[in-house]
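>>> Just a sequence and a predicted model for now, questions to come.
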Amino acid sequence: MKSPSKAEAAGLKHGDLIVAVNGEKVRDLPHDEVVQLIRQSSVDADVITIAVVPKIPENEAEILSEEVVDETTKKE
C-alpha cells in the first residue's frame, strides 16, 4: 500500500487479507489480479466493498494456537 492511500484511509493495514471485492471471492487469486479488480472497480463504481481478515499480531497468534483443556472432561 502506498501511503497515504484510499485503502489506508478506509482502515486497511499492511498484512490484512482481502477475501472479497464487491462480493466476489478473491482469497485464492494472485495479488496482481486482486489489485487489478480493485482498480477496475474504482473506475466503474463510486463505492467498493472489500471484505478483510485483519492480520493477527504474532503475540496474539500464539494465544490462538494454544490448546484449551476442559478439566471436567479430562480422563484420569
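Great, that's in hand. Residues are numbered from 1 along each chain as shown.

>>> Isn't residue 41 up against residue 21?
Yes. Assessed by Cβ atoms under 8 Å, residue 41 is found in contact with residue 21 at 6.1 Å. Quick note: C-beta positions are derived from backbone N, CA and C, even for glycine.

>>> Please name every helix or strand in contact with the longest helix belonging to the chain.
Determined from DSSP state H, the single longest helix within the chain is helix 31-44. Where contact means 3 or more Cβ pairs under 8 Å, 6 or more residues apart in numbering; DSSP states H and E, helix 31-44 is packed against strand 17-21.

>>> What pairs with the strand it packs on, parallel or antiparallel?
Here strand 17-21 has these sheet partners by DSSP bridges: strand 24-25 (antiparallel), strand 50-53 (antiparallel).

>>> before we move on, the earlier item: would you mind getting the angle between the longest helix of the chain and strand 17-21?
40 degrees (axes from the mean of the first three to the mean of the last three Cα atoms, to 10 degrees).

>>> So for helix 31-44, mean pLDDT?
Average pLDDT, helix 31-44: 88.

>>> just stretch 20-28 next, same as before
Stretch 20-28 shows a mean pLDDT of 91 in the predicted model.

>>> buried set for it?
Buried residues in stretch 20-28, counted by 16 or more other Cβ atoms under 10 Å: 21, 26.

>>> who touches it?
Stretch 20-28 is touched from outside by 17-19, 33-34, 37-38, 41, 45, 48-51, with contacts defined as Cβ atoms under 8 Å, 6 or more residues apart in numbering.

>>> burial count for the residue nearest to residue 53 when sequence neighbours are not counted?
Once flanking residues are discounted, residue 53 sits nearest to residue 17: 4.3 Å by Cβ to Cβ, 6 or more residues apart in numbering. Residue crowding around residue 17 was assessed by other Cβ atoms under 10 Å; the count is 12.
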